[in-house]
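Asker: give me the fold of what follows.
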Amino acid sequence: MAKLGKRTRAAREAFAGKEDITIEDAVALIKANANTKFDETVEIAMNLGVDPRHADQMVRGVVGLPNGTGKTVRVAVFARGAKAEEAQAAGADIVGAEDLMETVQGGTIEFDRCIATPDMMPIVGRLGKVLGPRNLMPNPKVGTVTMDVKEAVEAAKGGQVQFKAEKGGVVHAGVGKASFDDAKLVENIRAFVGAVSAAKPTGAKGTYMKKISLSSSMGPGVTVDVTNATGN
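Answerer: This is a model prediction of the structure:
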């Protein structure tokens with residue numbers, strides 16, 4: 001068995017015996033132990049009582065975090081003409097049509113969010129096998145297939161986070177940086193949990209939110225009290 005480093009041992013000791021605590025206590029614990037040389041992302045993982053293989057149990061949505069993510073989001077937009085110009089003016093990093101499709105097909109994906117105008121979907125649809133597994137496929141349900149390119153680009157750049165239930169019913173996302181003030185992280189986390197709660201599908205049966213865990217990029221995870229997180 002590999003020998004644990006000093007920092008890892010100290011973090012595990014700090015987290016030992018702590019579970020189902022308040023969001024405030026969890027944030028304080030995570031920040032106190034996020035002591036790597038880079039600004040770690042604070043991450044949330046939610047285990048939901050759904051089976052996303054069934055359409056009526058899929059959880060998907062988008063939420064604008066009130067204090068942003070602290071991350072620079074690279075945005076690609078599939079558009080032509082005036083809408084392409086609108087995207088560029090709004091701050092999109094990559095704008096194109098067939099040329100962008102060929103770039104992506106060639107394996108170059110240098111963006112974190114993909115937006116498309118409706119008329120571009122026949123082209124974007126050919127990239128389903130490439131963008132789908134990376135959760136980058138534009139979708140009208142989360143506002144990434146739209147004629148309002150300016151708003152979509154600005155939202156993506158301003159701290160909007162998409163979420164989607166993965167295999168096993170887990171929703172995972174970054175909700176800020178360890179350098180954020182405690183109160184700002186707590187506010188972001190509550191906003192994210194609220195959005196996932198509001199996205200409860202009609203087919204969900206039994207307990208919807210089973211477990212909520214928080215961690216930093218390089219730190220251990222800690223479970224938070226679901227009742228405290230949801231306000232129920």
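Asker: what is the mean pLDDT for stretch 46-55?
Answerer: Average pLDDT, stretch 46-55: 95.
Asker: actually stretch 25-42, not the one I wrote
Answerer: Rounded to a whole number, the mean pLDDT of stretch 25-42 is 92.
Asker: got the contact list for it?
Answerer: 7, 10-11, 14-15, 18, 21, 69-71, 174-180, 182, 185-186, 189, 214-220, 222, 224 (CB atoms under 8 Å, 6 or more residues apart in numbering). In short, each C-beta sits where N, CA and C put it, glycine included.
Asker: please pick the buried ones from these.
Answerer: Buried members of these, counted by 16 or more other CB atoms under 10 Å: 11, 14-15, 21, 69-70, 174-178, 180, 185-186, 189, 214-216, 218-220, 222, 224.
Asker: in the protein, which spans are strands?
Answerer: Ranges of strands in the chain, per DSSP state E, are 41-48, 60-64, 75-78, 94-96, 113-116, 160-164, 170-177, 209-216, 221-224.
Asker: make CSV from the ones you listed and add distance to Val124 to it.
Answerer: Formatted as CSV, those follow (distance: least, CB to CB, whole Å):
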stretch, distance to Val124
strand 41-48, 28
strand 60-64, 18
strand 75-78, 5
strand 94-96, 11
strand 113-116, 5
strand 160-164, 16
strand 170-177, 23
strand 209-216, 33
strand 221-224, 35
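Asker: which one of these lies closest to Ile123?
Answerer: Checking the strands of the chain against Ile123 by CB to CB gives strand 75-78 as the closest, at 6.5 Å.
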